[in-house]
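Novice: What follows is a predicted structure for the sequence shown.
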Amino acid sequence: ATVIMKKDMKRNWFNVGFLLFAAFIVKALFAVNFEGHGTDMSCFKSWSDMVFNEGISKFYYLDAFTDYPPGYMLVLWVVAAIRHLFGIETGSTTGIFLIKLFPILCDLGTGCLIYIIAKKRFSEAVSLVIMAIYVLNPVIVLNSSVWGQVDGVFTLAVLATCYLCMEGKRI
């Protein structure tokens, strides 16, 4: 019985991985074919360079419009570091994709967490459908992959916090 359970768990996680991979491909195709919301993408591009060049400690003291929290600025620092390491231009398709990548990955992480929560109440098939409804939801794809918005980052943080509270894993 233990061997069968292990095989079922491997198959279940294979299905999750396959669905997440398929969703990533869909999201990536949209991400590289749309520049994103003009105003916000301009901010993300310039902020990534500003935080990389000046450092997080000086970022909020610069004479510039900055209205996002420091946590996300660290993400943009990583984006700029990768761009500088590989010589990728900020406004190139790859540069724009890098800005959208973290929100896309957070959308997928949220989908995975939704699956984990759903598995506690529903069958494997139903849990996969619930996850698919989220990761392939046109609004979610539009928000992170097309517009380049970061709502998925905060959504993952909120859902993870709720999940940890439900599991009794509080600090």
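Specialist: Structure received.

Novice: use CA for all of it now, contacts and neighbours both
Specialist: Noted.

Novice: distance of Phe30 from Met131?
Specialist: Separation of Phe30 from Met131 (Cα to Cα, to the nearest Å) stands at 19 Å.

Novice: okay, now the nearest residue to Tyr163 once chain neighbours are set aside: neighbour count?
Specialist: Residue nearest to Tyr163 in three dimensions, not counting chain neighbours: Ile117, with 7.6 Å by Cα to Cα, 6 or more residues apart in numbering. Other residues near Ile117 number 15, with proximity taken as other Cα atoms under 10 Å.

Novice: Ile117: which element?
Specialist: Taking DSSP states H and E as the criterion, Ile117 maps to helix 93-119.

Novice: do the same with Val75
Specialist: Using DSSP H and E, Val75 falls within helix 70-86.

Novice: where do the helices sit along the chain?
Specialist: Using DSSP state H, the helices assigned to the chain run over residues 2-33, 38-54, 56-59, 70-86, 93-119, 124-135, 138-141, 151-166.

Novice: sorry, back to before: buried residues in the helix holding Val75, which are they?
Specialist: By neighbour count on 16 or more other Cα atoms under 10 Å, the buried set for helix 70-86 is Tyr72, Met73, Leu74, Val75, Leu76, Trp77, Val78, Val79, Ala80, Ala81, Arg83.

Novice: Just the CA trace of that helix, in CSV.
Specialist: The C-alpha trace of helix 70-86 is given here as CSV (Å, rounded to 0.1, in the frame of the first residue of the first chain):
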residue,chain,number,x,y,z
PRO,A,70,11.2,47.9,-0.5
GLY,A,71,10.5,44.2,-0.9
TYR,A,72,9.6,44.6,-4.5
MET,A,73,12.6,46.9,-5.1
LEU,A,74,14.8,43.9,-4.1
VAL,A,75,13.1,41.9,-6.9
LEU,A,76,13.8,44.7,-9.3
TRP,A,77,17.4,44.8,-8.1
VAL,A,78,17.8,41.2,-9.0
VAL,A,79,16.2,41.9,-12.4
ALA,A,80,18.8,44.7,-13.1
ALA,A,81,21.6,42.5,-11.8
ILE,A,82,20.7,39.8,-14.3
ARG,A,83,20.4,42.3,-17.1
HIS,A,84,23.8,43.8,-16.3
LEU,A,85,25.4,40.4,-15.9
PHE,A,86,24.2,39.3,-19.4
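
Novice: Just the residues contacting that helix, thanks.
Specialist: Counting by Cα atoms under 8 Å, 6 or more residues apart in numbering, helix 70-86 makes contact with 44, 47-49, 51-52, 56, 88-90, 95, 98-99, 102, all of which sit outside it.

Novice: Would you mind measuring from Asp117 to Leu159?
Specialist: For residue 117 the amino acid is Ile, not Asp. For Ile117, the distance to Leu159 under the criterion Cα to Cα works out to 10 Å.
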